[in-house]
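K.L.:
compute the structure for the input listed below.
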Amino acid sequence: MFAEERQQKIYDIICKEKSMRVQQLSKLLNISEVTVRRDLEELHKQRKIVRTHGGAMAYYPVGKSIKVPELMAEERMLPAKKAIAAAAYSYINDYDTILLDGSSTVYELTKLLAAGEKENLIVIATSPLAIVALSGLKNCRVIMPGGVVNFSHNTVEGHITSRFIKEVRVDKCFVGINGIDEDFGYSTPRFEDAETKVLAMAASNQSFILADNTKFGRVYLARVDAACDYLITDSAARESDFAFDSLDPKTTVVFAGDEEGKGA
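P.N.:
Model prediction:
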């Protein structure tokens, strides 16, 4: 196999799977890990893929924001999102006041709340879909802030939304994130979304970021400059090369399925 043909195969695999490790590509194509690394470096130079510790991921523009309906339709990460949501649900108690953003993983948590038996909650949700999902809740109050409706990203946002969040205090907030980088921290492609997340965490006694394993090692345009109390991810994140000790020391990392969180 010529180098160009081999590199094209590697590129096609990474585009399909979103991310791959060197060992996986080596076994899949029956070539040495040294050859894989050399090919990944060449593809990285051509700006076709993003080189990561121990592997590579599909190239992504830092300002590109995937629409929430598209994320919800993608079945590949759905089991991880459901597991993360189940772990997050266990932290919610009766009489809690909680704030939910419009991310796809938080929406899985919203569905658990709608079907669960928590009582006397006050739920503030910035997602129109969440409001509909929560319509059957009993013995709970549901509040939706005002603001500009962004249907593509399943949220209300802007000055009115930000002002509302600044004027409330909640027990817990649950937000999703697009990227988690060891140096840049948390990030998202849109400034409006970043502002909502920062304000939500500032308004909470306890803050939770819900993120599946594909979010690690990614950097997007707008930094979410806030520290969270809990970062809940799926068990596959254990296999990544991400340095969890680069997170804020006060952040507890919870791997969905664990009985207890692991302090970062």
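K.L.:
run the chain-centre distance for stretch 133-152.
P.N.:
21 Å (Cα atoms, centre = their mean, to the nearest Å).
K.L.:
cool, and stretch 137-156?
P.N.:
19 Å.
K.L.:
gap between the two ends of that stretch?
P.N.:
Distance between the boundary residues of stretch 137-156 (Cα to Cα, to the nearest Å) amounts to 21 Å.
K.L.:
buried residues, it. List them.
P.N.:
Leu137, Cys140, Val142, Met144, Pro145, Gly147, Asn150, His153, Asn154, Thr155, Val156 (16 or more other Cβ atoms under 10 Å). Using the backbone N, CA and C atoms, a C-beta is placed for each residue, glycine as well.
K.L.:
I figured the fifth one hits Thr161, correct?
P.N.:
To tie it back to what came earlier, the one meant is Pro145. Yes. At 4.9 Å, Pro145 and Thr161 qualify as touching, with contact defined as Cβ atoms under 8 Å.
K.L.:
what sits in contact with each of these two?
P.N.:
Each of Thr126 lies in contact with both Pro145 and Thr161 under the rule Cβ atoms under 8 Å, 6 or more residues apart in numbering.
K.L.:
export the helix or strand Lys81 falls within as CSV, just CAs?
P.N.:
Secondary structure from DSSP states H and E places Lys81 in helix 78-89. The C-alpha trace of helix 78-89 is given here as CSV (Å, rounded to 0.1, in the frame of the first residue of the first chain):
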residue,chain,number,x,y,z
LEU,A,78,-26.4,8.4,23.3
PRO,A,79,-25.5,5.6,25.7
ALA,A,80,-22.8,7.7,27.2
LYS,A,81,-25.1,10.7,27.5
LYS,A,82,-27.8,8.6,29.2
ALA,A,83,-25.2,7.2,31.7
ILE,A,84,-24.0,10.7,32.5
ALA,A,85,-27.5,12.0,32.9
ALA,A,86,-28.3,9.1,35.3
ALA,A,87,-25.3,9.9,37.4
ALA,A,88,-26.3,13.6,37.5
TYR,A,89,-29.8,12.7,38.5
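K.L.:
which helix or strand lies directly C-terminal to it?
P.N.:
strand 97-100.
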